[in-house]
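Student: A structural model of the following input is requested.
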Amino acid sequence: MKIFAAELVGTLTLILFGCGAAVLAGEHVGQLGIAFAFGLAIVAMAYGIGPISGCHVNPAVSFGAFVAGRMDGKTMLTYWFAQFIGATIGAGILFLIASGKADYDVAINGLGQNGWGPGYLGEYTLAAAIVFEIVATFLFLVVILGSTQAGAPTAMAGLSIGLTLTAIHIVGIQVTGVSVNPARSFGPALFSGGQAMSQLWLFLVAPLVGAGLAGMKCRIGLLDQDAA
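Tutor: Next comes the predicted model:
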């Protein structure tokens, strides 16, 4: 229950602070500010709940750990359940706050949902979105799995992971809004509906592919000094 609660709260926080920066303060802080909001949320939660659950707050991270042999399937599903619930609650809280502004309309202003194509930020193609999400998640997991392996300076893991997520957002916000996290995409899409829900499949599948590739490389010993 401690792990479940930690992952729920951690994912809720990521959605509320990261997507919240885009929805509530985007015009003031810009793309760079949004990127740092996501990254700093991870840094904060890494030190806040890391000792309890490892601060995955991302189904792709849990899947990568599973493929790498660091987590069993039953535990992974527990993490997933907590993460998707946390993302839903976080998006719900953000929706309630955003709705407190008279001219807010979720159909127009959105809720920080991910997407691609005509009408979405940089209007990048489906192919570009797929490539970005797979590659970015792969690199994100390389940092996470490397920073948390035995022998690594784990006291700095939260900072390295958070800064990596920041860099990924700086590069990719215009492409997909940056998912690299199925739960992060699920919560806002659930409240936004429409195109966000119809495009959700990519942000559920592509991050898992990227995470799986990173996990497999750890499992065969290419990225993990302790792998067999």
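
Student: helices or strands up against the longest helix along the chain?
Tutor: Taking DSSP state H as the criterion, the chain has its longest helix at helix 20-53. Helices and strands touching helix 20-53, by 3 or more Cβ pairs under 8 Å, 6 or more residues apart in numbering; DSSP states H and E, are helix 2-14, helix 73-98, helix 157-176. Just so you know, the C-beta spots here come from the backbone N, C-alpha and C atoms, and that holds for glycine as well.

Student: Return the backbone torsion pair for Val142.
Tutor: Main-chain torsions, Val142, degrees, to the nearest 10: phi -60, psi -40.

Student: isn't it right next to Ala214, touching?
Tutor: Yes. If you go by Cβ atoms under 8 Å, Val142 and Ala214 touch, sitting 5.2 Å apart.

Student: Compare those two (neighbour count), which wins?
Tutor: Ala214 (29 against 19; other Cβ atoms under 10 Å).

Student: What is the neighbour count of the nearest residue to that one once chain neighbours are set aside?
Tutor: Leaving aside its chain neighbours, Ala214 sits nearest to Leu141 (3.5 Å; criterion: Cβ to Cβ, 6 or more residues apart in numbering). Using other Cβ under 10 Å, Leu141 has 30 neighbouring residues.

Student: neighbouring contacts of the lowest-mean-pLDDT helix or strand in the chain?
Tutor: Lowest by mean pLDDT, DSSP states H and E among the helices and strands of the chain is helix 106-109, with a mean of 93. Helix 106-109 has contacts (Cβ atoms under 8 Å, 6 or more residues apart in numbering) with 23, 95, 98-99, 191-194.
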